[in-house]
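# Below are the sequence and a predicted model; questions follow.
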Amino acid sequence: MDNVKGIWNEWSETWYQRYRTDKAIAKIIQTPESAFHRTTYSMINKALPNLDGKKVCVPSSGDNHAVFAFHLMGARVTSCDISERQIENNSNLARKNGWDIEFICDDTMQLSNIKSDEYDFVYTSNGVHVWINDLNSMYNNIRRILKSNGAYIMFDIHPFSRPFAIEKEKITVVKPYDSIGPFLIDEVPRLHWRMQDIANAIISSGLCVKQIEEMYAEDGSFWIDESKDEGKSLSKQELDDLCNWKLNPMAALPQWFSIHAVK
């Protein structure tokens, strides 16, 4: 996992800084729920109608937008990430805003610095699973740190979208759905897990699946690679067109999914 940690330490100091700008953080402060897809947020609301005082852990916390949002909603939050630089940069940001958030550098497949039966709620957000090479270890440890009847909710890219790409305004197949990888991108291996791989790992851990939702992209920026298209600016109409499946065939596929499970 050293190469994963290394690339995220590097990204934290480069293009990923955009997620820590005053503008990005002000949006979360003003509207904490904006850190979540609206369907996922409704699932969180249903699972925990009142977050005040609840213990929440966010493994692979990344940009920490969810971490900050949960804190602003009254939760006691622990942010975990394998990247020391992500933890340090987001810890500094929390300190700057006077937010009492616990930051721990830890591997989501181990969570070795987290006690068992500790949390009311665990949440993982977009982009986590491609970095996980052992789903069973990840979910066994998520179950371990949850209290009895504690809830887990995940949000991530829908696996059905991964085999396809757009070429000359037509969908083309770029890989079989069951080709999981690892795929070497930026000299770092990434995994393209299927829906069944993630769901079965959750079930095998002993968590009880309560709800699965599949969602479409509601913002055209979904199809813009921010790490490669920095500075690229599209009009509102161009962004809206990207969500129209008649103009962008990829929009006919679900782009996100969320699962709610309980210990």
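Perfect, I can see it now.

# By residue count, tell me the biggest strand in the protein.
strand 146-157 (DSSP state E).

# Each with direction, which strands does it pair with?
strand 119-124 (parallel), strand 256-262 (antiparallel) (DSSP bridges).

# which of those strands sits most buried?
strand 119-124 (a mean of 24; mean count of other CB atoms under 10 Å). All C-beta atoms are positioned from the backbone trio N, CA, C, and that covers glycine.

# returning to what we had before: for the helix or strand just after the longest strand of the chain, the distance to its chain's centre please.
Sequence order places strand 164-167 as the next helix or strand after strand 146-157, per DSSP states H and E. Averaging C-alpha positions (CA atoms, centre = their mean, to the nearest Å) puts strand 164-167 23 Å from its chain's average.

# neighbouring contacts of strand 164-167?
By CB atoms under 8 Å, 6 or more residues apart in numbering, the surrounding residues in contact with strand 164-167 are 171-174, 248-250, 253.

# switch to 6 Å and redo it
Residues outside strand 164-167 that contact it (CB atoms under 6 Å, 6 or more residues apart in numbering) are 171-172, 174, 250.

# Most neighbours of all those, which one?
residue 250 (17 neighbours; other CB atoms under 10 Å).

# Could you report the pLDDT at that residue?
Residue 250 is assigned a pLDDT of 87 by the prediction.

# what's the answer for residue 209, then?
With respect to pLDDT, residue 209 has a value of 97.

# could you say which helix or strand contains it?
strand 208-215.

# Report the angle between that strand and strand 146-157.
20 degrees (axes from the mean of the first three to the mean of the last three CA atoms, to 10 degrees).

# Kindly provide the distance from residue 144 to residue 111.
7 Å (CB to CB, to the nearest Å).

# same thing with residue 259?
Taking CB to CB, one finds residue 259 at 19 Å from residue 111.

# and if you look at residue 178?
29 Å.

# Look at the two and report which has more neighbours.
The residue with more neighbours, out of residue 178 and residue 111, is residue 111; 24 against 10, by other CB under 10 Å.

# May I have the secondary structure class of the more buried one?
coil (DSSP: H, G, I helix; E, B strand; the rest coil).

# Excluding chain neighbours, what is closest to it?
residue 141 (4.3 Å; CB to CB, 6 or more residues apart in numbering).

# Distance-wise, check that neighbour relative to residue 122.
For residue 141 relative to residue 122 (CB to CB), the value is 10 Å.

# By mean pLDDT, flag the weakest helix or strand of the chain.
strand 164-167 (a mean of 82; mean pLDDT, DSSP states H and E).

# just the strands in this structure please.
55-58, 76-81, 102-105, 119-124, 146-157, 164-167, 170-173, 183-185, 188-190, 208-215, 256-262.

# Distance to residue 89 added to those, as CSV?
Shown next, in CSV, are these (distance: least, CB to CB, whole Å):
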stretch, distance to residue 89
strand 55-58, 15
strand 76-81, 10
strand 102-105, 10
strand 119-124, 20
strand 146-157, 22
strand 164-167, 32
strand 170-173, 38
strand 183-185, 23
strand 188-190, 20
strand 208-215, 29
strand 256-262, 26
